[in-house]
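> Provide a 3D model corresponding to the input given below.
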Amino acid sequence: MRGSHYTGSMASRELRAGRADRDRPTGGVGGRFGLLLLVLVATYLLSAFSNGKVTTGVQIALISGVLGLALRSSPIPGRWVAVIAAVTLAGSAAAIGVLLTGTSAGHGAADVWTALILLLAVVLIVRRVLARPSVTIQSIYGALSAYLVTGLMFAACYSAMEHLGPAPFFAGGQPESTQTFQYFSFTTLTTLGYGDFTAAGSGGRAVAVLEAVAGQVYLATLVARLVSAYRSSAQPDDQVPGRAGARRRRAARAAAFSRSRPGSPPRR
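The predicted structure is shown next:
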């Protein structure tokens, strides 16, 4: 009886320690995505409530900062981080320079560069989220950040198609601006489809369909699974139903017994 009570107390301490480790904020290679999410929201709001070349240049700088935060949370070796950061700074400076020329080609080139930066940021964020050993609130922040980055990336693609293409992007002579492209992108990504802005050409429609499918697959697979795993990990082990709860309780008891065995007195 005493041995079982000792083993049970050890198991409870192991469970409490495991929960404390899981809930403790992680940094370094673990990744901190809360700041990244705030920067993304600020970037979107900046472009939503203001317009002009200066605002677009500031947005490019903020998007470069988004990539920098994604690099900080990635396990890429330091020398590659330095190379990517240097290329990003040089490319962003060049994009802002051609943007200030005021030409349609310059604006389109800046949009293409913005889309490439955001694509790399999405890959780095999703890779880091999937590589985490456990699902924490930072994993949820990372998944939401990647979702917002995807919407901004497609908005940059639509803007590039407008400025580099031979015909207007929107049908019916609808006005084009950074705000309308982002509005169209996020309503497409979330499949709301208000219909007030529609793509005129087959290329724009194809990219819009690709964005809608990607948004639904992303929410239904990655985000839903992360939220489910986070809720399951936050639930006490004795309340987890089915085989999953039984496996977790058996593993905790086995770990507690193996740790208590070296210090236990030998049997006679």
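> what about stretch 43-56, how long is it end to end?
Between the start and the finish of stretch 43-56 there is a gap of 10 Å, counting by CA to CA, to the nearest Å.
> contacting residues around stretch 39-46?
Stretch 39-46 has contacts (CB atoms under 8 Å, 6 or more residues apart in numbering) with 55, 58-59, 62-63, 65-66, 69, 145, 148-149, 152, 182. In this view, the C-beta of every residue, glycine as well, is placed from N, C-alpha and C.
> now swap in stretch 151-168 and tell me
40, 43-44, 63, 104-105, 107-108, 111-112, 114-115, 118-119, 122, 169-170, 176, 178, 181-182, 184-186, 188-189, 199-201, 203-204, 207, 211, 215.
> Filter those down to just the ones in helices.
40, 43-44, 63, 104-105, 107-108, 111-112, 114-115, 118-119, 122, 178, 181-182, 184-186, 188-189, 203-204, 207, 211, 215 (DSSP state H).
> just the buried members of these?
Those of those that meet the buried threshold are 40, 43-44, 63, 107-108, 111-112, 114-115, 118-119, 122, 178, 181-182, 184-186, 188-189, 204, 207, 211, 215, by 16 or more other CB atoms under 10 Å.
> Run through who's touching stretch 107-125.
Residues outside stretch 107-125 that contact it (CB under 8 Å, 6+ apart): 33, 36, 56, 59-60, 63-64, 66-67, 70-71, 73-74, 76, 84, 88, 91-92, 94-96, 98-99, 142, 145-146, 149-150, 152-153, 156-157, 159-160, 162-164.
> Which of the residues you listed are buried? Put it as a PyMOL command.
Listed next is the PyMOL selection for buried residues among the contacts of stretch 107-125, using 16+ other CB under 10 Å:
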select buried, resi 33+36+56+59+60+63+64+66+67+70+71+73+74+76+84+88+91+92+95+96+98+99+142+145+146+149+150+152+153+156+157+159+160+162+163
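> for stretch 169-189, the distance to its chain's centre please.
The chain centroid and the centroid of stretch 169-189 are separated by 23 Å under CA atoms, centre = their mean, to the nearest Å.
> what are the C-alpha coordinates of it, in CSV please?
C-alpha atoms of stretch 169-189 as CSV (Å, rounded to 0.1, in the frame of the first residue of the first chain):
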residue,chain,number,x,y,z
PHE,A,169,-7.8,42.9,-62.8
PHE,A,170,-11.3,43.7,-61.5
ALA,A,171,-14.4,43.3,-63.7
GLY,A,172,-16.9,46.1,-64.2
GLY,A,173,-14.4,48.9,-63.9
GLN,A,174,-14.1,48.5,-60.2
PRO,A,175,-11.4,50.6,-58.6
GLU,A,176,-8.1,49.0,-57.7
SER,A,177,-6.0,49.9,-54.7
THR,A,178,-4.1,48.2,-51.9
GLN,A,179,-7.2,48.2,-49.8
THR,A,180,-9.4,46.6,-52.5
PHE,A,181,-6.8,43.9,-53.2
GLN,A,182,-6.5,43.0,-49.6
TYR,A,183,-10.3,43.0,-49.2
PHE,A,184,-10.7,40.8,-52.2
SER,A,185,-7.9,38.5,-51.0
PHE,A,186,-9.3,37.9,-47.5
THR,A,187,-12.9,37.5,-48.6
THR,A,188,-11.6,34.9,-51.1
LEU,A,189,-9.4,33.2,-48.5
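> Just the mean pLDDT for that stretch, thanks.
Mean per-residue pLDDT for stretch 169-189: 92.
> Over to stretch 50-62?
The average of the pLDDT scores along stretch 50-62 is 78.
> Check which residues of it are buried.
Of the residues in stretch 50-62, T56, G57, V58, Q59, I60, A61, L62 count as buried by neighbour count, 16+ other CB under 10 Å.
> who touches the helix or strand harbouring the third one?
Read it as V58. Taking DSSP states H and E as the criterion, V58 maps to helix 53-72. Residues from elsewhere that reach helix 53-72, judged by CB under 8 Å, 6+ apart: 35-36, 39-40, 42-43, 46-47, 81, 84-85, 88-89, 92, 95-96, 99-100, 102, 107, 110, 113-114, 117-118, 120-121, 124-125, 128, 149, 152, 178.
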